[in-house]
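1. Just need the structure, nothing else, for what follows:
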Amino acid sequence: PKFGGRRAELAKLRAALTTPMRIAAIDGMPGSGKTTLAIHFAHAIVRDYPDGQLYVNLRGFDPSGLAVEPSTALLGFLTALGVPGDQVPSDVAAQSALYRTHLAGKRMLIVLDNARDAEQVLPLLPGSATCLVIMTSRNRLVSLVATESARPFTLDPVPADDAREI
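-> Next up, the predicted model:
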């Protein structure tokens, strides 16, 4: 309810949904509103993903330097999907495969917030084209554009009119 501005960016995200889009990669400088935009957009389209939603703050730029490892994020996702902890493999590749199996054919919305780099994100991407990933990062993860067909959305500083509205 306290979201303001960024109408042009929301319109671009919504327009991108009219074509097959599996990954929306939002990048921008610190404090530009990436997370706020991603969460607001996710709430606006949540009805289109009736099988569930997953969120993780990957803390890619946490001042402590302790970003969330893909295995930790996968454990959280698998647990949320109902996989008992003792059935979660210890190997990241096996965890990722199990995660993709559980998402196959489902319409899930996944928010990967504050991603450090492509290596942190790759194991967390579903294999199903029926899922949508909304990802934020301070970095432009161009390798995901090339290898995973991610759609890049760069946030510039907030325009003056939007700043007044906010």
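
2. Number of residues surrounding residue 44?
-> 13 (other C-beta atoms under 10 Å). Every C-beta, even on glycine, is put in place using the N, C-alpha and C of the backbone.

3. Same check on residue 99?
-> The burial count for residue 99: 25, using other C-beta under 10 Å.

4. Next up, the contacts around it.
-> Residue 99 sits next to 74, 77-78, 81, 123-124, 126 when contact means C-beta atoms under 8 Å, 6 or more residues apart in numbering.

5. distance of it from residue 131?
-> Using C-beta to C-beta, to the nearest Å, residue 99 is found at 11 Å from residue 131.

6. Identify the farthest-apart pair in the contacts of residue 99.
-> Spatially, the most separated pair among the contacts of residue 99 is 81 and 123, at 14.9 Å (C-beta to C-beta).

7. quick one, what contacts the residue lying closest to residue 23 once chain neighbours are set aside?
-> Spatial nearest neighbour of residue 23, excluding adjacent residues (C-beta to C-beta, 6 or more residues apart in numbering): residue 150 at 3.8 Å. Each residue near residue 150 by C-beta under 8 Å, 6+ apart is listed here: 22-25, 135, 141, 144.

8. try 7 Å this time
-> Going by C-beta atoms under 7 Å, 6 or more residues apart in numbering, residue 150 touches 23, 25, 141, 144.

9. And for residue 49?
-> Residue 49 is in contact with 107-109, 132, counting by C-beta under 7 Å, 6+ apart.
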